[in-house]
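**Student:** no sequence for this one, just the structure:
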């Protein structure tokens, strides 16, 4: 079976910044077709749950209190990549819009709810190392990709 890293919030873990989850029912189908490895890069980087929301501003990650949390986000991205490479993971299913996991869209850094094209730091790092990243909106494509 192939291995898939899944954002912990999509798996049902209450690890979002606000202590909630983003569970999607198709995770159950994914678990039948692959070895699913749920994790939260933000937690793996040392951030608590709940935590203040953060957005990418230039080359930094800043929370809505003005605190630079770039180091924690980058640490989480690197730990996620190390695990993925050590476990020969080929795919990731990540939460869109997240400053860590967003694949195609992230918030614009103004904390106004406006989206822009872009990737979160974990999604970008995984893609740079050959791991195919899907957003939760693309779970059907991921399911079709699995043998």
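**Tutor:** It's in. Predicted model, so just to flag it, every value in this text is computed and none were measured. Numbers count the residues shown, from 1 in each chain.

**Student:** which residue ends up closest to the midpoint of the chain in space?
**Tutor:** For the chain, residue 101 is the residue whose C-alpha lies nearest the centre (Cα atoms, centre = their mean; 2.6 Å).

**Student:** if I pick the residue lying closest to residue 74 once chain neighbours are set aside, what's in contact with it?
**Tutor:** The spatial neighbour of residue 74 that comes closest, neighbours along the chain excluded (Cβ to Cβ, 6 or more residues apart in numbering), is residue 121 at 6.2 Å. For glycine as for every other residue, the C-beta is placed from the backbone atoms N, C-alpha and C. Residues counted as contacts of residue 121 (Cβ atoms under 8 Å, 6 or more residues apart in numbering) are 41, 56, 61, 73-74, 77, 99-100.

**Student:** give me that answer again for 7 Å
**Tutor:** 73-74, 77, 99-100 (Cβ atoms under 7 Å, 6 or more residues apart in numbering).

**Student:** now residue 57
**Tutor:** Contacts of residue 57 by Cβ under 7 Å, 6+ apart are residue 109.

**Student:** Please tell me how far residue 72 sits from residue 137.
**Tutor:** Between residue 72 and residue 137 the computed distance is 27 Å (Cβ to Cβ, to the nearest Å).

**Student:** give me the element residue 36 is part of.
**Tutor:** strand 34-39 (DSSP states H and E).

**Student:** what sits up against that strand?
**Tutor:** Under Cβ under 7 Å, 6+ apart, the answer for strand 34-39 is 1-6, 8, 11, 13, 30, 80, 87, 89, 146.

**Student:** just checking, next helix/strand downstream of it?
**Tutor:** helix 41-44.

**Student:** more neighbours, residue 72 and residue 137?
**Tutor:** Using other Cβ atoms under 10 Å as the criterion, residue 72 and residue 137 rank with residue 72 on top: 22 against 12.
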